[in-house]
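>>> take a look and give me a structure for this.
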Amino acid sequence: MVSELVAKGTLFVLTVVAARRLSRDAFGVWTLGATLGWMLGVLVDGGLQMHLARVLARVPRAHAASVLQRWSGWRLGASVIGLAGAALAVQVPGGWLAQGANTGTTVQDSTMRLAVWCFAAAGLCGSHSEFFNHVFRGLARSDLESTLAVLSRGALLIFGGLALWFGHGLLPFALVT
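Residues are numbered from 1 along each chain as shown. Reported below is the predicted structural model:
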C-alpha cells in the first residue's frame, strides 16, 4: 500500500510541477500524449496481465519462465504495433490528435507531434511495468513489485522534475519520461 501511495504521489507532484512550468498548450499536449499512452497500454494488454498472474500462481515455479517467455513476446509485439499506430495517429493532418481532441491545443508543430509520440511511448512502457507487476504478483513476490514501483516512479519524479525545471519546453520533458 505504501509503495502505491508513493507511486501515485510522485505522479501527482510531477503533474503539479508540469502545470506550473509548461505553457497551457504544452501541458495540453502532455496530457493528450499521456492519455494516448494509457489507452494504448490498456488496448495492447487486452487482459493478458490478469491472465498471466493467474496462470503463474497455479503453475510450478520451474515452468514460470517458459510461461512468461511465451506471453512476453506477444506483449512486446502488441506494443510495437501500438507504437506504430500512435506514430500514424500523430502524423494524420487535421485528425483527432492534430486538433488536440477538443482541448483547444493544436498539435501541428513537428516538435509537439514528437512529444505526443514520446509521451504515448512512455505510457506503453508504463503498461509493461504493470505487466511485470502482475508477474510478480503471480509469483507471490510483491516485495519486488513494490520496490520497482517506488524506484521507477522516484526516478521519473527526479528526472522529469529536472527536465521541467531546467529544460526548455516540452520536448526535453517528453524525452525524459
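
>>> for the most centrally placed residue in the chain, what are its contacts?
Centroid-nearest residue in the chain: residue 123, 1.8 Å away (criterion: CA atoms, centre = their mean). For residue 123, the contact set (CB atoms under 8 Å, 6 or more residues apart in numbering) comprises 33-41. Where C-beta positions appear, they are placed from N, C-alpha and C, glycine not excepted.

>>> so which of the residues you listed are in helices?
33-41 (DSSP state H).

>>> give the buried residues for the longest helix belonging to the chain.
Across the chain, the longest stretch assigned as helix under DSSP H is helix 61-91. Neighbour-count burial for helix 61-91 flags 64, 67-68, 71-72, 75, 78-79, 82-83, 86, 89-90 (criterion: 16 or more other CB atoms under 10 Å).

>>> measure residue 116 to residue 23 for me?
Residue 116 sits 15 Å away from residue 23, going by CB to CB, to the nearest Å.

>>> also residue 148?
Taking CB to CB, one finds residue 148 at 33 Å from residue 23.

>>> next one: residue 86
Going from residue 86 to residue 23 by CB to CB gives 23 Å.

>>> give me the more crowded residue out of residue 116 and residue 23.
Between residue 116 and residue 23, residue 116 has the larger neighbour count (other CB atoms under 10 Å), namely 28 against 11.

>>> please, which helix or strand holds the more buried one?
Using DSSP states H and E, residue 116 sits within helix 110-138.

>>> compute the inter-axis angle for that helix and helix 61-91.
With axes from the mean of the first three to the mean of the last three CA atoms, to 10 degrees applied, the angle from helix 110-138 to helix 61-91 works out at 160 degrees.
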